[in-house]
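Trainee: just the structure for this:
(chains A and B)
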Protein chains: 2
Amino acid sequence: MSFDRLIKGIREKQNPTVAGLDPKLDYIPQYIKDEAFGQYGTTLEGAAEALYMFNQGLIDALCDIVPAVKPQAAYYEMYGWQGVRALERTIRYAKEKGMFVITDGKRNDIGSTMEAYGAAHLGTTKIVEESVQAFGADALTVNGYLGTDGVKPLLELCRNGDKGIFILVKTSNPSSGELQDRKLDDGLTVYRTMGNMCESWGSEAMGEEAYSSVGAVVGATYPEQLGELRKALPHTFFLVPGYGAQGGGAADVAPAFDENGLGAIINSSRGIMCAWKKEGCAPEDFAQAARREAIRMRDEIVSYIGKIK
Amino acid sequence: MSFDRLIKGIREKQNPTVAGLDPKLDYIPQYIKDEAFGQYGTTLEGAAEALYMFNQGLIDALCDIVPAVKPQAAYYEMYGWQGVRALERTIRYAKEKGMFVITDGKRNDIGSTMEAYGAAHLGTTKIVEESVQAFGADALTVNGYLGTDGVKPLLELCRNGDKGIFILVKTSNPSSGELQDRKLDDGLTVYRTMGNMCESWGSEAMGEEAYSSVGAVVGATYPEQLGELRKALPHTFFLVPGYGAQGGGAADVAPAFDENGLGAIINSSRGIMCAWKKEGCAPEDFAQAARREAIRMRDEIVSYIGKIK
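Mentor: Purely as a prediction, here's the structure:
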C-alpha cells in the first residue's frame, strides 16, 4: 500500500513534512522568468516553463531531505493545458528523484467519473491495447461529499495499484466550520462523521504499517480537532495543511502524530517556495533557501515529536 | 450575469437541456479513432484528437437546438495534458458556435486556491502585463464542503465577469445520501443546508432574471428533493444530472422547473453521445443520431413543462 512507502520515506529521512508546489509566478525569481519568457514569450507556455524550471530547482534541493511533494492542481490549471503539462512534468521529475507525489486536486464525482479521475491521476488509461500513464501521482486528495460511490473506484487503485487517497475531513480555511463543524442529529460533527467514513473505507485497504491507504486532510489551524481526530481515527493517516503561511505552528501540528511520531505529514507551500524572499538572499539562491527552510521546519516539528520510530 | 445568458438561450431554443460531453473512447465511432490514431498513434495525443473530433461533430449537430454543453473534466484529464488540451479546444469551439459552456470540474479549495481555479476555468490569468484566458468556460461546478471561503473568489467573477457557478447540493449518485441526507441538529438535512448557502451566496450576485449566478446541482434521480429544493430556493438555478443513463425520466425532472418552465437545465451525456449505438445507425451518422435524441429529450421534457416563458 502506498502509505507504507510514504511512511518508509518519512522514517528514513526522519522528516514528516511535504513540500507544497503551488508555484505562483510571483514566487519565481526573475532570472527564471526571463529565461522562460525569452524562449516562449509572455504566454501560457512561457509561464508553464517558468513553473517547471522553478519546481525542478526546488525538487533538486529538497529530494534528499524531504520525502514528498504536493503539487496543487489549481496553480497549474490557471496556465491552461500548458500549465497542466508542467504539472505532469513536475510529477515525473519528482518521482525520478525518489519523492512521493501527492496531487492536491480535491477531486470528487459519481462512481463512473471517479474511475476516470482515478485513471487520470493515479492509474493508467487504456488506449486500444496500451495502458498509458496520464499523470501518475502516488496519492490524490479527494472530497467525500458524494459518499462511498465517489471513493470506491479509488480503493481498487489503493489495493492493487499501490496508491493512496486523502479525503477532506476538517479543512484549514477560516470558514471550514460552516458545514464541517455542524452537528448531525446523532451529536457527531460533520467532520467527525467524514473521519469515521475514512476509517470505514480504509478498512478495505490496510497497509503493513498501522495505517490504511485512505488518509484524511485535517488543517493545522485547528489543533484541537487534530488531536480529537488522531485519537478517534487510529488507522487514518493525516495530510496536514495550514502550517506556516496559514498560521499553524509546530505546537499546533504535534497532536496529529501518534506515539511513534507517525500518522501525519505536514505540508508547507509558501514557507518553502518563498523562503528566498523572506530571507532576502540572492534570487539564484532560491533553492538553497527552500532547503534551509525545510530543514528548519523539520527540526522544529521533530523537536516536538522526537525520533520517528 | 451569466445565467441571464443561459436563460436567454433556453428561451430562444425552447430547450432547457444541456449536452454532457464526457467522451469515452468506447463512445466514439471507429472511423474517427482510425483517423486520429492513424495520425498520432495509439497515444494520449491520438486519443485526445479523437475526443475533439467527436465533440466537434456533436457540437455542429446540436448548436442550433441545444443551448449549452457540459464537458466533464475527468474524461479529459484521463488522457493527460493532451486530453486537457482537447478540453480547451472543445470549450473554444462550443463558444464559437454560440453555446453556453459549463465545465463540470466540481472544484473546491481554500480561498487563495479558488482564486487560481477561478482564473483557470472562468476568468483570465495575468502573465506579466497580459491577461490570458486559460479555459474560459461560462460556468463551473463547485463542491461547497469548505464553506464561504471556497466560493467567494468565484462570486467576483460572477458579478464582474459574467460567469456562473453550480454548487453540489444533492448529487445524483446512489450513495449521495450518506452525508447529504443526514439531518443536522436544527432538523435540516445537509443538502438543504447547502442549498440555503447557495441562496445566501447568490444574493450577492443576482441577475436580471429571477435567478442568481450561484446555481445548484440537484440530481434527477431524487425527484422529491428536486421539488422540495425548487420551492425552498427561489433564486437558485438548477443543473440537473442523472436524466437518462442514470435512471431519471422527464416526469422526475419536471419538479425542477418554476411556473415559467425556467429554473433548471437538464443534462444528458451518454444518452446523446451514444444515441448512434442505441439506434444502431451507421457510425458516420453519430452526430445526427445525437441530434435526434436531443430533440426527443427536449420534446419529452417540454411536454411536461409547457412553453418556456
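Trainee: which ones are touching the residue nearest to A:Q180 when sequence neighbours are not counted?
Mentor: Take A:Q180 and drop its neighbours on the chain: the residue closest to it by Cβ to Cβ, 6 or more residues apart in numbering or on different chains is A:Y191, 4.2 Å away. Bear in mind the C-beta positions are built from the backbone N, C-alpha and C, glycine included. The neighbourhood of A:Y191, defined by Cβ atoms under 8 Å, 6 or more residues apart in numbering or on different chains, consists of A:V169, A:K170, A:Q180, A:D181, A:Q225, A:L229.
Trainee: in helices only, show me the residues you listed.
Mentor: Where the contacts of A:Y191 overlap with helices, as defined by DSSP state H, the overlap consists of A:Q180, A:Q225, A:L229.
Trainee: just those residues now: which is nearest chain B?
Mentor: Of all these, chain B sits closest to A:Q180, with 7.1 Å by Cβ to the nearest Cβ.
Trainee: neighbours of that closest one, how many?
Mentor: 24 (other Cβ atoms under 10 Å in any protein chain shown).
Trainee: bridging residues for the residue nearest to A:V169 when sequence neighbours are not counted?
Mentor: Distances taken as Cβ to Cβ, 6+ apart place A:A216 nearest to A:V169, at 4.1 Å, with adjacent residues excluded. Each beta-bridge partner of A:A216 is listed here: A:I167, A:F238, as defined by DSSP bridges.
Trainee: for the stretch 151-300 of chain A, give me the ranges with low pLDDT.
Mentor: Scanning the stretch 151-300 of chain A with the threshold set as pLDDT under 70 gives no residue ranges.
Trainee: please enumerate the helices of the stretch 101-250 of chain A.
Mentor: Taking DSSP state H, counting those that start in this stretch as the criterion, the stretch 101-250 of chain A contains helices spanning A:111-121, A:152-161, A:177-180, A:190-202, A:223-232, A:250-253.
Trainee: residues in contact with the fifth one?
Mentor: What it means is helix A:223-232. Contacts made with helix A:223-232 from outside it, assessed by Cβ under 8 Å, 6+ apart, are listed as A:169-170, A:191-192, A:195-196, A:216, A:218-220, A:236, A:238, A:240, A:248, A:251-258, A:263-264.
Trainee: filter these down to the buried ones.
Mentor: With burial judged by 16 or more other Cβ atoms under 10 Å in any protein chain shown, the buried subset of these is A:169-170, A:191-192, A:195-196, A:216, A:218-220, A:236, A:238, A:240, A:248, A:252-258, A:263-264.
Trainee: returning to what we had before: which of the helices of the stretch 101-250 of chain A sits most buried?
Mentor: Each of the helices of the stretch 101-250 of chain A was assessed for mean neighbour count using mean count of other Cβ atoms under 10 Å in any protein chain shown. The highest is helix A:111-121, with a mean of 24.
Trainee: hey, C-alpha coordinates of that helix in CSV?
Mentor: The C-alpha atoms that make up helix A:111-121 are tabulated as CSV, following Å, rounded to 0.1, in the frame of the first residue of the first chain:
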residue,chain,number,x,y,z
GLY,A,111,-18.6,6.4,-9.4
SER,A,112,-18.1,6.2,-13.2
THR,A,113,-16.5,9.6,-13.3
MET,A,114,-14.2,8.8,-10.3
GLU,A,115,-13.0,5.9,-12.3
ALA,A,116,-11.8,8.4,-14.9
TYR,A,117,-10.2,10.6,-12.3
GLY,A,118,-8.5,7.6,-10.8
ALA,A,119,-7.1,6.6,-14.2
ALA,A,120,-6.1,10.2,-14.8
HIS,A,121,-4.2,10.9,-11.6
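Trainee: that one near chain B anywhere?
Mentor: Yes: Helix A:111-121 comes into contact with chain B (Cβ under 8 Å from any Cβ of the partner chain), by way of A:G111, A:T113, A:M114, A:A116, A:Y117, A:A119, A:A120, A:H121.
Trainee: give me the pLDDT for the fifth one.
Mentor: pLDDT, the model's per-residue confidence, is 98 for A:Y117.
Trainee: so it sits right up against B:Y76, yeah?
Mentor: No: counting by Cβ atoms under 8 Å, A:Y117 does not reach B:Y76; the two are 10.8 Å apart.
Trainee: before we move on, back to that, want to throw the ones in helices among the contacts of A:Y191 into CSV with distance to B:Y304?
Mentor: CSV is the format used below for the ones in helices among the contacts of A:Y191 (distance: Cβ to Cβ, whole Å):
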residue, distance to B:Y304
A:Q180, 38
A:Q225, 47
A:L229, 47
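Trainee: where's the nearest residue in space to A:L239 that is not next to it in sequence relative to chain B, distance?
Mentor: Take A:L239 and drop its neighbours on the chain: the residue closest to it by Cβ to Cβ, 6+ apart is A:F166, 4.4 Å away. Separation of A:F166 from chain B (Cβ to the nearest Cβ, to the nearest Å): 13 Å.
Trainee: wait, doesn't A:F166 sit right on A:T141?
Mentor: Yes: the criterion here is Cβ under 8 Å, and A:F166 meets it with A:T141 at 4.8 Å.
Trainee: pull up the overlap in contacts between those two.
Mentor: Among the neighbours of A:F166, those also in contact with A:T141 (Cβ under 8 Å, 6+ apart) are A:I102, A:V217, A:L239.
Trainee: now do the same contact list for the closest residue to A:S213 other than its chain neighbours.
Mentor: Ranked by Cβ to Cβ, 6+ apart and with sequence neighbours excluded, the top spatial neighbour of A:S213 is A:C158, at 3.6 Å. Contact analysis of A:C158 by Cβ under 8 Å, 6+ apart lists A:M1, A:S2, A:G164, A:I165, A:A205, A:S213, A:V214.
Trainee: quick one: contacts of stretch A:301-309?
Mentor: The list of residues contacting stretch A:301-309 from outside it, by Cβ under 8 Å, 6+ apart, reads A:10-11, A:14-17, A:250-251, A:253-254, A:257, A:260-262, A:266.
Trainee: which residues touch the residue nearest to the spatial centre of chain A?
Mentor: By Cα atoms, centre = their mean, the mean C-alpha position of chain A lies nearest to A:K70, the distance being 3.7 Å. Taking Cβ under 8 Å, 6+ apart, we find A:K70 in contact with A:V18, A:A19, A:G20, A:L21, A:V101, A:I102, A:T103, A:D104, A:L239, A:N267, A:S269.
Trainee: and for A:N160?
Mentor: The contact partners of A:N160, by Cβ under 8 Å, 6+ apart, come to none.
Trainee: what about it, distance to A:A205?
Mentor: 10 Å (Cβ to Cβ, to the nearest Å).
Trainee: ok, A:S112 next?
Mentor: Distance of A:S112 to A:A205, computed by Cβ to Cβ: 20 Å.
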